[in-house]
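S.K.: Fold the following.
(chains A and B)
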Protein chains: 2
Amino acid sequence: MRLSRYFLPVLKETPAEAQIASHRLMLRAGMIRQQAAGIYSWLPLGLRVLRRIEAIVHEEQARVGHIPMLMPTLQPADLWRESGRYDDYGQEMLRITDRHKRDLLYGPTNEEMITDIFRAHVGSYRELPLTLYHIQWKFRDEIRPRFGVMRGREFLMKDGYTFDVDRDGALHAYNRHMLAYLRTYERMGLTAIPMRAASGPIGGDDTHEFLVLASTGESEVFYDQAVCDLALGDREVDHDDPAAVRAVCDEFTQLYARTDETHDEAAFAAVPEDRRRVGRGIEVGQIFYFGTKYSEPMGATVVTPDGARVPVHMGSHGIGVSRLAGAIIEASHDARGIIWPEGVTPFHVGIVNVKQGDMAADSACDGIVNALTARGLEPLYDDRDERAGAKFATMDLIGLPWRITVGPRGLAQGLVELTCRRTGQAEEMSPEAAVARVAGIYARA
Amino acid sequence: MRLSRYFLPVLKETPAEAQIASHRLMLRAGMIRQQAAGIYSWLPLGLRVLRRIEAIVHEEQARVGHIPMLMPTLQPADLWRESGRYDDYGQEMLRITDRHKRDLLYGPTNEEMITDIFRAHVGSYRELPLTLYHIQWKFRDEIRPRFGVMRGREFLMKDGYTFDVDRDGALHAYNRHMLAYLRTYERMGLTAIPMRAASGPIGGDDTHEFLVLASTGESEVFYDQAVCDLALGDREVDHDDPAAVRAVCDEFTQLYARTDETHDEAAFAAVPEDRRRVGRGIEVGQIFYFGTKYSEPMGATVVTPDGARVPVHMGSHGIGVSRLAGAIIEASHDARGIIWPEGVTPFHVGIVNVKQGDMAADSACDGIVNALTARGLEPLYDDRDERAGAKFATMDLIGLPWRITVGPRGLAQGLVELTCRRTGQAEEMSPEAAVARVAGIYARA
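M.R.: Down below sits the predicted model:
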C-alpha cells in the first residue's frame, strides 16, 4: 500500500480525553474515531489490526474443531424472558422497541439464542459434542465508557458455546477452550494468564479469566511470577484427548494466579516470597462451565444412550476481540508509539523513502515493494513528499515491527537499512537481503 | 469437513412460512434460522456462503483501490439531525434511547457518519480522490419483512463512499464502482444488469441499480435481451483511466434496461421487437452520485488548487451482501435444491461414501479428502451412517457444484464417480483423476 493513496489520519496532538496509552495511541495513529460515547469507527489501519486478531481467533478455533456461525446483533426479548435474565440484566442491556412495539435488545451475549438454536435442531447424544461460536458485535450500555475500545459500549467479541451430554464432556470442552485460548494469545504476542474468576451474570462455578499484565488494567491480580514463564510454544496437543488437554490446563493453572475477586491470602502466602507479585491486569477472555443453567429452563434436552432425556450441559467461552487491540498496545508500546507483535501488525513492514523524487530511491522502493508483495507480504510504503523525520515519526507511531529505509546515499553503495521497531537496532544490507530477512521473520512468526 | 462433526440441520419438511424458493431452500438446507421477524442467525453452512460473497466484494474493491474500514452499527441521532434526515427517514429507522437518554439509531446507511469522518480528517484536494467502504450489519425496520434474507430487517451490506474535488472526479468514481460491481457479480455467477433508477432517500440524480433477473423479483424490469449477453470476462481495465472505465460503463448501459420506476415506453419501443423483454428482477446493488447533498449542510469542504474552499463531491455505492445469498439461489436452483456457482459455494465438493464402514470405501474417501485439502480445496465428506439415497438428497439440497461418489463396487475397478450438480452428468474415473479434475475446475473459477 502506498501511503499517498491510503487513509491514515494521524494526529499531531495528544487527545485530551484519552487517559491511557492504548486509547491515546489508537487515536493518534488514526486507528479509530469515536462516534458516540463508547462507540467507535475503525479507520483503515485499525480495521487491519482487528481483522488480524479475528483471523487468529478463527484459526485457533478451527484447529480444535469448533464450528463458526453468526447470530444477529438484535435479539427478541422473549428469549431472555425464558431464562429469566431479561429483568435481571439491568441497565447495561440496551432495550429497543420496534415499530410494531415488539421488545428487542442489542445482544450483550448469546446464551439464550444459542440454546434456542440447539433445542430446535438437536435431540440426541449422537449429535454431541458440539461447539458453535461466532464473532459478532455486541453492546453493553456501560454507565461510564472509557479507555477507548478497552471499555467501549459496542464491542466485537468471540463467544463460543459448548454442548455435551454430561459434566465430564463439558469439562473437556472447557479445557479445550483454555488450550485454544492460550495458543490464541501467544500468537498475538501476549502473555495472558488464566486466573480462577467469579462468574457474574453468565452463571456457573467453573470459570477462568485470561489476564494480560498491564499497569492500566482494571483488575488487581496476585500471582506467582513463574506463571509468566509458561508457554505452549510449538507443542502439538491432541484436542480430542481429554487427558492430554487437561495436562496442559493443569500446567497453566497450578501456580497461584488470582484476581481480587477470588484472591486467597493464605494460598498466596505459600508462594515463595521472591516470586510473589501483585499487579494489575486486563481481562481479554473468560471461559465458563455452567451446566444446565440455560438448558433446563429453556428445555434444551437430548436423549442419552439409555433412552433418558436430559438437559444438555453447556459452557460459554469468550474473547474480547476489539478489546484485544487495546490490550496488545498496553502491553507493547513506548514513548514514540505502538510496537506491534508480528502476529497482529497491520502491515508487515514499512518502507521509508528518505528522498521522494530521487530516481534511484523511488525505483529501489518500487522494487522492494514488488519483491515483498510477491512473497505474500503487505508493506506500507511512505511515498509522500515529506521530510524523512516526519516519515520516521509516523512509522514509529503506527508501530510496524520492521522498517526498510531507502535513500540515495546508501543506494550508492547498494545498501538499504533494516530497522527493528522494538529494539531500534538498524542494519545495512542489500535490498534483496532486507526482503529475504523480513520474509524469513514472517515465515517463522 | 466431516459431516458427522459438522452442524448441518437440514429440514425434511418445507417450512410453511417461506413463500419463495431461496427462503425455503435456505431454511431446508440449514443455512439460516429466523430469530425474530426479519432477523436471522446464519448457521454454519449459511455463514460460509456469506463469507465467500464478502470475500469477492472485498477483492473487487481492493482491485480498484478502495479502502476498507468499519463504522459501528449504532449512530448518534445528532449526526442525522445535521443532514436533516433524522426526521425524514420515517419508521424504517430503528430509533434507540440509551441509559443516559441520548438518542441513537441503528444505522440503515452511513452517509452522515462518513461525512463526519471526512470533515474531521481531510481538508485538501491533495488528499483526494478517496474511496472508503465498509461491510457492516444494518437495520431497516421493514413493516413486512419477508422472503427470508432477501427482505430482512438486520442485513449485511457493503457501502462505499467516494470523495472528489469536482463532479468529473465523482463521476469517474461512480463509473469505477460500476466496473467493480459488474466484476463482483460475474464472479458470483450472476448476470446483474445495471438499470437507471430513482434515487429514493439517499438523494442524487445519477443512480443505477443492479438487477438479477428472477421471476420472484420485487421490481418489474423492461430490457433489451441483448444486455444479458454482455460480459466483462477476463479483460483488464485500468481503473485509474476515466475514459477506459467509462467505455465499459457505456457498453453496459447503452442497451435499454429500466425498472418500472424509470421505464420509458417510447424508448422501449425502439428496441427490436424480438429482443424486447418484460420480466422481474432482484435489486442486488445500487450506485449514486449525489454531489454536495451531505457535504454542504455538514461542512465537509476541501481547499482547491487555487485556494478556494468548496464542499466535496460525494457518491455512495452499495451491495446487498446478505441479500445476495438469496438472490443467487433464486437464480440458480432446481426442484432438488440449491445449485451453487463455483465462486460462492460453501464447500468446493461433496464426498459421498455409499457404504460407510466398508474399509476400502472409508479409506478411499479419506484419501480423496486429504488430496483435495492438500490442493487448498475444502470438501464436505458425508461420513454419516446413512443410506446412500439420503446422502445424495442432502448433497443435492445443499447444492455443492461437484460430488464425488465412492463405493465398493466402483473401487473394485479403481473407479469413483464425479457428478456435476447443475447438469446431473456423471463420469467414472480414478480417485486421482477426480481430484485433479475438481482442482482444475476451481483453478479456472
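S.K.: When you work out contacts or count neighbours from here on, use the C-alpha atoms and nothing else.
M.R.: OK.
S.K.: residue ranges of the helices in the stretch 251-400 of chain A, please?
M.R.: For the stretch 251-400 of chain A, the helices defined by DSSP state H, counting those that start in this stretch occupy A:265-269, A:295-298, A:321-331, A:359-374, A:388-398.
S.K.: Who are the packing partners of the longest one?
M.R.: With contacts defined as 3 or more Cα pairs under 8 Å, 6 or more residues apart in numbering or on different chains; DSSP states H and E, the packing partners of helix A:359-374 are strand A:349-353, strand A:379-382, strand A:402-406, helix A:408-412, helix A:431-444.
S.K.: Would you mind listing the outside residues contacting the last one?
M.R.: Judged by Cα atoms under 8 Å, 6 or more residues apart in numbering or on different chains, the contacts made with helix A:431-444 from elsewhere in the structure are A:342, A:348-349, A:364, A:368, A:371-372, A:375, A:377, A:402, A:404, A:414-418.
S.K.: Check those residues and tell me the two furthest apart.
M.R.: Farthest-apart pair in the contacts of helix A:431-444 is A:Glu342 and A:Gly414; separation 27.4 Å (Cα to Cα).
S.K.: Could you check which of these two is surrounded by more residues?
M.R.: For A:Glu342 against A:Gly414, the residue with the higher neighbour count under other Cα atoms under 10 Å in any protein chain shown is A:Glu342, and the figures read 20 against 14.
S.K.: what stretches of the stretch 151-300 of chain A score poorly on pLDDT?
M.R.: In the prediction, the stretch 151-300 of chain A carries residues with pLDDT under 70 at positions A:199-205.
S.K.: Residue in it with the shortest distance to chain B?
M.R.: Nearest to chain B in the stretch 151-300 of chain A, going by Cα to the nearest Cα, is A:Glu154, at a distance of 7.4 Å.
S.K.: Quick check, that residue in contact with A:Lys138.
M.R.: Yes. Under the criterion of Cα atoms under 8 Å, A:Glu154 is in contact with A:Lys138, at a separation of 5.6 Å.
S.K.: Please identify which of those two sits among more neighbours.
M.R.: Regarding A:Glu154 and A:Lys138, a neighbour count based on other Cα under 10 Å identifies A:Glu154 as having more, with 24 against 20.
S.K.: ok, and the closest non-adjacent residue to the more buried one?
M.R.: The shortest distance from A:Glu154 to any residue other than its chain neighbours is 4.5 Å, reached at A:Phe139 (Cα to Cα, 6 or more residues apart in numbering or on different chains).
S.K.: Tell me which residues touch that neighbour, please.
M.R.: By Cα under 8 Å, 6+ apart, the contact list for A:Phe139 reads A:Met93, A:Leu94, A:Tyr106, A:Gly107, A:Pro108, A:Arg153, A:Glu154, A:Phe155.
S.K.: What separation do you get for A:Gly169 and A:Ser363?
M.R.: A:Gly169 sits 60 Å away from A:Ser363, taking Cα to Cα, to the nearest Å as the criterion.
S.K.: go on, A:Arg409?
M.R.: A:Arg409 is 14 Å from A:Ser363, where distance means Cα to Cα.
S.K.: Columns mean pLDDT and mean neighbour count on top of the helices and strands packed on helix A:359-374, output as CSV?
M.R.: What follows is those, written out as CSV (pLDDT from 0 to 100; neighbours: other Cα atoms under 10 Å in any protein chain shown):
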stretch, mean pLDDT, mean neighbour count
strand A:349-353, 98, 27
strand A:379-382, 98, 23
strand A:402-406, 98, 25
helix A:408-412, 97, 15
helix A:431-444, 96, 15
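S.K.: Dump the ones you listed to a markdown table, plus distance to B:Gly46.
M.R.: Rendered in a markdown table, the data for the helices and strands packed on helix A:359-374 read as follows (distance: least, Cα to Cα, whole Å):
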| stretch | distance to B:Gly46 |
| --- | --- |
| strand A:349-353 | 36 |
| strand A:379-382 | 34 |
| strand A:402-406 | 39 |
| helix A:408-412 | 53 |
| helix A:431-444 | 33 |
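S.K.: just the strands in the stretch 51-200 of chain A please.
M.R.: Secondary structure of the stretch 51-200 of chain A, counting by DSSP state E, counting those that start in this stretch: strands at A:67-68, A:74-76, A:94-97, A:103-106, A:130-139, A:154-164, A:192-196.
S.K.: Please name whichever of the helices of the stretch 251-400 of chain A is nearest to A:Ser430.
M.R.: Checking those against A:Ser430 by Cα to Cα gives helix A:359-374 as the closest, at 10.5 Å.
S.K.: So what touches the closest one?
M.R.: The set of residues that contact helix A:359-374 without belonging to it, under Cα under 8 Å, 6+ apart, is A:351, A:353-356, A:378-379, A:381, A:406-408, A:411, A:431-432, A:435, A:439.
S.K.: The stretch 101-250 of chain A against chain B: which residues are in contact?
M.R.: Residues of the stretch 101-250 of chain A that fall close to chain B, judged by Cα under 8 Å from any Cα of the partner chain: A:Met113, A:Ile117, A:His121, A:Glu127, A:Leu130, A:Asp141, A:Ile143, A:Glu154.
S.K.: Most neighbours among these, please name it.
M.R.: For these, neighbours were counted by other Cα under 10 Å; the highest total belongs to A:Glu154, with 24 neighbours.
S.K.: Enumerate every residue touching that one.
M.R.: Applying Cα under 8 Å, 6+ apart, we find A:Glu154 in contact with A:Gly38, A:Ile39, A:Tyr40, A:Trp137, A:Lys138, A:Phe139, A:Arg140, B:Pro72, B:Leu74.
S.K.: quick check, nearest of those residues to A:Gly30?
M.R.: A:Tyr40 (11.9 Å).
S.K.: Quick check: beta-bridge partners of the closest one?
M.R.: A:Gln34 (DSSP bridges).
S.K.: Could you report the pLDDT at it?
M.R.: In the prediction, the pLDDT value recorded for A:Tyr40 is 98.
S.K.: A:Leu400 touches A:Thr419, doesn't it?
M.R.: No. Applying Cα under 8 Å as the test, A:Leu400 and A:Thr419 come out as separate, 10.3 Å apart.
S.K.: the more surrounded of those two?
M.R.: Comparing A:Leu400 with A:Thr419 by other Cα under 10 Å, the one with more neighbours is A:Leu400, at 27 against 20.
S.K.: quick one on the thing from earlier: between the residues of the stretch 101-250 of chain A next to chain B, which sits nearest chain B?
M.R.: Checking these against chain B with Cα to the nearest Cα, the nearest one is A:His121 at 6.0 Å.
S.K.: Chain neighbours aside, what residue packs nearest to the closest one?
M.R.: On the basis of Cα to Cα, 6+ apart, the spatially nearest residue to A:His121 that is not a chain neighbour turns out to be B:Pro9, at 6.0 Å.
S.K.: May I ask you to confirm that the one you found belongs to a strand?
M.R.: No. When DSSP: H, G, I helix; E, B strand; the rest coil is applied, B:Pro9 is found to be coil, with no strand at that position.
S.K.: and the gap between it and A:Phe163?
M.R.: When distances are taken as Cα to Cα, B:Pro9 and A:Phe163 turn out to be 15 Å apart.
S.K.: Of these two, which one has the most company?
M.R.: Set side by side, B:Pro9 and A:Phe163 give different neighbour counts by other Cα under 10 Å, the larger being at A:Phe163 (27 against 20).
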